[in-house]
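S.K.: take this sequence and fold it.
(one chain, ligands or ions: 1)
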Amino acid sequence: MDGNRRFAKKWKLTEGAGHKAGFLALMSILKYCYEVGVKYVTVYAFSLDNFNRRPDEVQYVMELMQEKIEGFLKELTLVNKYGVRVLFIGDLKRLYEPVRIAAEKAMEATAKNTNTYLLVCVAYTSSHEIPRAIYESCQEKSGGTRVMNGNGSDNGDYSNGDGHAKINVVDMEKHMYMGVAPDPDILVRSSGETRLSNFLLWQTTNCLLYSPKALWPEMGLREVVWGILEFQKNYKYLEKKKKQA
Ligand SMILES: CC(C)=CCC/C(C)=C/CC/C(C)=C/COP(=O)(O)OP(=O)(O)O
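M.R.: As a prediction, this is how the structure comes out:
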């Protein structure tokens, strides 16, 4: 969701108002996605790197998240009627505690829904997710026992006993935060940016990158429809690439 602060600057608003406008845009995009039948939507709401921003901005975004998740919890009847399951993805212990508590409540309250999935990446970066999945996979394979490697020195490897941790893609995907969802078909980055910024690096090998010029708060139905048309145009090619992988 790139461009909240630039949107604020453009309209001479406070930075916080830019983030609020970003949240409103998110709500309308989610509604359009629901209407056109997108089953999985993943949003990059706050990266681990975003914690390095000015403390007052971090606090503002955390408070905004808390307010919105708590508001969401008050609408559970409607949420469950539409069958929306919400999952917060990332190193949740890095969140401000009230946000983490509200996020955990939202996950628990929607855990049985299967109609549509909203994955909210918070305190997330791929460069945290991938090494963590390697570590967890190795630990699982070695039964959590730290063993000596081949030359007898304990270098911190987790191994199955012969000096090598035998992990594969299936092990890794089991331990990825994003293992709960299929790989995305389209990655939308607003503001015309084409950098991935440490988002879903493992999951986007055969994914279409779509980068509309609109700043995130300006995103609307036009961008959703255009993104889907772009995907349809490239569908056969992307499917062929997936099969070759
Ligand atoms: C509950 C829930 C999902 C809440 C979402 C809250 C929200 C809108 C978070 C976005 C924060 C953020 C770092 C946006 C990126 O724009 P930017 O600040 O990097 O803007 P810039 O690219 O113009 O600098």
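
S.K.: which stretches in the protein count as helices?
M.R.: Using DSSP state H, the helices of the chain run over 4-10, 15-36, 55-73, 76-81, 97-109, 126-141, 169-175, 221-244.

S.K.: report the rounded mean pLDDT for stretch 206-220.
M.R.: For stretch 206-220, mean pLDDT is 96.

S.K.: could the helices of the chain go into a markdown table alongside mean neighbour count and distance to the ligand?
M.R.: Where C-beta positions appear, they are placed from N, C-alpha and C, glycine not excepted. Formatted as a markdown table, the helices of the chain follow (neighbours: other C-beta atoms under 10 Å; distance: least, C-beta to the nearest ligand atom, whole Å):
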| stretch | mean neighbour count | distance to the ligand |
| --- | --- | --- |
| helix 4-10 | 19 | 3 |
| helix 15-36 | 17 | 4 |
| helix 55-73 | 16 | 4 |
| helix 76-81 | 13 | 13 |
| helix 97-109 | 17 | 8 |
| helix 126-141 | 17 | 16 |
| helix 169-175 | 14 | 24 |
| helix 221-244 | 13 | 16 |
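
S.K.: of those helices, which is nearest residue 116?
M.R.: When the helices of the chain are compared by C-beta to C-beta, helix 15-36 sits nearest residue 116, at 6.1 Å.

S.K.: that closest one - contacts with which helices or strands?
M.R.: In terms of contacts (3 or more C-beta pairs under 8 Å, 6 or more residues apart in numbering; DSSP states H and E), helix 15-36 is packed against helix 4-10, strand 40-47, helix 55-73, helix 221-244.

S.K.: could I get the ones you listed as TSV with distance to residue 92?
M.R.: Putting the helices and strands packed on helix 15-36 into TSV (distance: least, C-beta to C-beta, whole Å) gives the following:
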stretch	distance to residue 92
helix 4-10	22
strand 40-47	11
helix 55-73	12
helix 221-244	29
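
S.K.: in terms of mean pLDDT, which of these ranks lowest?
M.R.: Among those, helix 221-244 scores lowest, with a mean of 92.

S.K.: which helices and strands does it pack with?
M.R.: By 3+ C-beta pairs under 8 Å, 6+ apart, helix 221-244 packs against helix 15-36, strand 186-188, strand 208-210.

S.K.: turn the ones you listed into TSV, columns for distance to residue 67.
M.R.: Output for the helices and strands packed on helix 221-244, formatted as TSV (distance: least, C-beta to C-beta, whole Å):
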stretch	distance to residue 67
helix 15-36	9
strand 186-188	25
strand 208-210	30
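
S.K.: looking at it, residue 82 is touching residue 34, isn't it?
M.R.: Yes. Applying C-beta atoms under 8 Å, one finds residue 82 in contact with residue 34, separated by 7.1 Å.

S.K.: out of the helices of the chain, flag the one nearest residue 200.
M.R.: Proximity to residue 200 (C-beta to C-beta) singles out helix 126-141 among those, at 6.4 Å.

S.K.: can you give me the pLDDT of residue 26?
M.R.: For residue 26, pLDDT reads 97.

S.K.: check contacts around the most centrally placed residue in the chain.
M.R.: For the chain, the residue sitting closest to the mean C-alpha position, by C-alpha atoms, centre = their mean, is residue 121 at 3.2 Å. Neighbour list for residue 121: 42, 43, 44, 45, 46, 47, 89, 90, 199 [criterion: C-beta atoms under 8 Å, 6 or more residues apart in numbering].

S.K.: make it 10 Å
M.R.: By C-beta atoms under 10 Å, 6 or more residues apart in numbering, residue 121 lies in contact with 42-47, 87-90, 129, 177-178, 199-200.

S.K.: if we can go back for a sec, which one of the helices of the chain lies nearest to residue 191?
M.R.: helix 4-10 (6.8 Å).
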